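> No sequence on hand, only this structure:
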């Protein structure tokens, strides 16, 4: 018990906060990410050996191993931070439970890439295209593209099922799991319902900011920050006051994360995003930044943006036009301001809450990290 | 305890077996199916109100309600029979747990229909086509077919998540659930892996019987009979002897069920199957019956069958040709014989096992019912 208390006082992974808090946090984060990736990798490999290899599905298995642990672990880190807010100290089972969120995320990405016909993910060819290429190499008959999509959807199914299994088998206690399930269920449903609402939007119409923010909240914000935090905190049996603070913090940082993601989708460097620059415009994604530009632009620019969105295909010139309208209208600046406001508001919430200093410090640093997207 | 024992002695739903066992079983089955459908319907409606309606997704919700309880409940009935083999009597929570298998099945059907591009399911237009039609009616831009497929995949996701939630929230005890999860996980993985192996087969090549039986076992047989039975029996804490018998029975009846399904896919009446006659041939499905025909046919007929399978499109004449080769080669008769042998073998297993007479009787009758497919 004393050891535990000491660990809490010292901060995540036993690192104290202070002047050199930044370095120590970075070390803690790197170590936590490594552990998350190890847990995910171990789990997926074991399942492949047990389930995919006997059926001769070595390629899907290889692909599932490659992809699962290849992310930045944002959701798992937030999940684990939620746990640490409970003041019960570091815990391998809790870290494993949080790590299961990487598999849920892998499910969402592989499936979304099929629906959005995205060609690149995490710096390499997306799963359905790799599977389609295999189909062609094997000289199989029928449509390779169709095969690739179907196989990717099935891989996503397995990720979804394994994610839940990894959480259930993480080793956290039964009562912790009982508290986790309602939030886990809500998160999974929101993910599917958010995507449903997203694809039901008219692709050729520039969306309103309200509509986009609503979908972003359901589909991305909640699921990236808020729900993971709540999940971890519920497992650690945090009281309602803490859960409320984390919920509000999560909503704010989730929105800020989405705004940053949308900015990167228009202006981002492929080496940071793992996707071609301007891809969101090319795919005509209904993003906050485009909705802001539509709201703020001069009438003539607004008309040009709307015309562009109605075109069959958006080429490089079209991407440049959209980028110019977003800058000239002040939508870029406004998005930056919105990010800043949300991070600031979240900071105040955390400062006023009764959290262990190390947990509060980690929340502040994660808020900055994941809305700056510098890692 | 006495009341429970009386119920067991009297048979499922308190009906005794005997000369009029057939009528009584039919009554029990009808009542059980009604209860299963009510549980499924209630659960899906509640989830739609909570999750889909607030996001404005009324059409997917309506579709999910319509479809979920529209099947013959074969899997749920087997699941509940597994429970009854434990001799702990009828139980609403156990019935609700078994009913959750309808949602898992709905997931599989909606998703498979996208992958197989099936146009008809349960006597009406399949989900992705209904969703595509809505997209067109609304005058939305972009591909209606693509929207329909994506929306159907998301609906399938929700079914998959809700299925697990319905089982978890069924009200059966925690230790019963702990015994259920490994089997439930295995069933879900087998379903996806079986489908992966299925689509990885070369569509234009007539498959070997061994390959087809292996996929059928994973994808359909296990998941229709064996796993549901084991799931229910594990929840009721049956001992290993009973679990082994049910496992073997399940494998045999699952294979027989698949053979019957394959015969119906070639020769079936649309009013029985809910699908156009000869649909499996038109879709070039790798079925047991076609593999048998390939094995048994004269060389000239075999060549015609293989040529047919390599064609781009199989028309009515092609369907008639395949039907003729299947009949003339004796593949139809052989399949009937294989069904008969499996049902007979399963009967002997059940008779030798130490099961409550009413449970044994129900297993016999279900074996006949679902391999005759007369209901």
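Cool, got the structure. Note that this is a predicted model, so its numbers are computed, not measured. Numbering: from 1, shown residues only, chains lettered A, B, ... in the order given.

> tally of neighbours for the residue of the stretch 1-150 of chain A at minimum distance from chain B?
Chain B sits closest to residue A:141 of the stretch 1-150 of chain A, with a gap of 3.7 Å, by C-beta to the nearest C-beta. Yep, even glycine has a C-beta here, placed from its N, CA and C like the rest. The number of residues packed near residue A:141 is 15, by other C-beta atoms under 10 Å in any protein chain shown.

> thought it was touching residue B:284?
No. Counting by C-beta atoms under 8 Å, residue A:141 sits too far from residue B:284 to count as a contact (9.7 Å).

> wait, residue A:160 sits on residue A:104?
Yes. At 7.0 Å, residue A:160 counts as touching residue A:104 under the criterion of C-beta under 8 Å.

> Return every residue with contacts to both of the two.
residue A:188 (C-beta atoms under 8 Å, 6 or more residues apart in numbering or on different chains).

> Remind me which helix or strand residue A:93 belongs to.
Using DSSP states H and E, residue A:93 falls within helix A:92-116.

> Could you do residue A:210 as well?
Applying DSSP H and E, one finds residue A:210 within helix A:209-216.

> Check residue A:16 and give its pLDDT.
Confidence at residue A:16, expressed as pLDDT, is 44.

> Check what pLDDT the residue of the stretch 1-150 of chain A closest to chain B gets.
82.

> mind checking how far it is from residue B:330?
Separation of residue A:141 from residue B:330 (C-beta to C-beta, to the nearest Å) stands at 28 Å.

> got it, and residue A:193?
52 Å.

> And these two? Which one has more around it.
residue A:193 (25 against 14).

> Residue B:53 is in contact with that one, correct?
No. When contacts are counted by C-beta under 8 Å, residue A:193 is not listed as touching residue B:53 (10.0 Å).

> Would you mind listing where the stretch 251-375 of chain A has pLDDT under the threshold?
Applying pLDDT under 70 to the stretch 251-375 of chain A flags residues A:373-375.

> Flag every residue of it that's near chain B.
Counting by C-beta under 8 Å from any C-beta of the partner chain, the residues of the stretch 251-375 of chain A close to chain B are residue A:310.

> Give me the spatial nearest neighbour of the closest residue to chain B within the stretch 251-375 of chain A, chain neighbours excluded.
Chain B sits closest to residue A:310 of the stretch 251-375 of chain A, with a gap of 7.7 Å, by C-beta to the nearest C-beta. Sequence neighbours aside, residue A:204 is the residue nearest to residue A:310 in space, at 4.9 Å (criterion: C-beta to C-beta, 6 or more residues apart in numbering or on different chains).

> Can you tell me how far that neighbour is from residue A:114?
In terms of C-beta to C-beta, residue A:204 sits 21 Å off from residue A:114.

> Name the residue in these two with the higher neighbour count.
Between residue A:204 and residue A:114, counted using other C-beta under 10 Å, the more crowded position is residue A:114 (23 against 14).

> for the residue most central in space within chain A, phi and psi?
Closest to where the C-alpha atoms of chain A average out (C-alpha atoms, centre = their mean) is residue A:224, at 4.4 Å. Main-chain dihedrals, residue A:224, degrees, to the nearest 10: phi -90, psi -40.

> From residue B:267, how far off is the residue of the stretch 1-150 of chain A closest to chain B?
In terms of C-beta to C-beta, residue A:141 sits 26 Å off from residue B:267.

> Likewise for residue A:227?
Counting by C-beta to C-beta, the gap from residue A:227 to residue B:267 is 50 Å.

> between the two, who's got more neighbours?
Each of residue A:227 and residue B:267 has its neighbours counted (other C-beta under 10 Å); residue A:227 has more, 27 against 17.

> What residues does that one make contact with?
Neighbouring residues of residue A:227 by C-beta under 8 Å, 6+ apart: A:183, A:186, A:187, A:190, A:250.

> likewise residue A:237?
Neighbouring residues of residue A:237 by C-beta under 8 Å, 6+ apart: A:86, A:88, A:175, A:176, A:179.

> May I have the phi/psi pair for residue A:119?
phi -100, psi -20.

> surely it meets residue A:130?
No. When contacts are counted by C-beta under 8 Å, residue A:119 is not listed as touching residue A:130 (10.8 Å).
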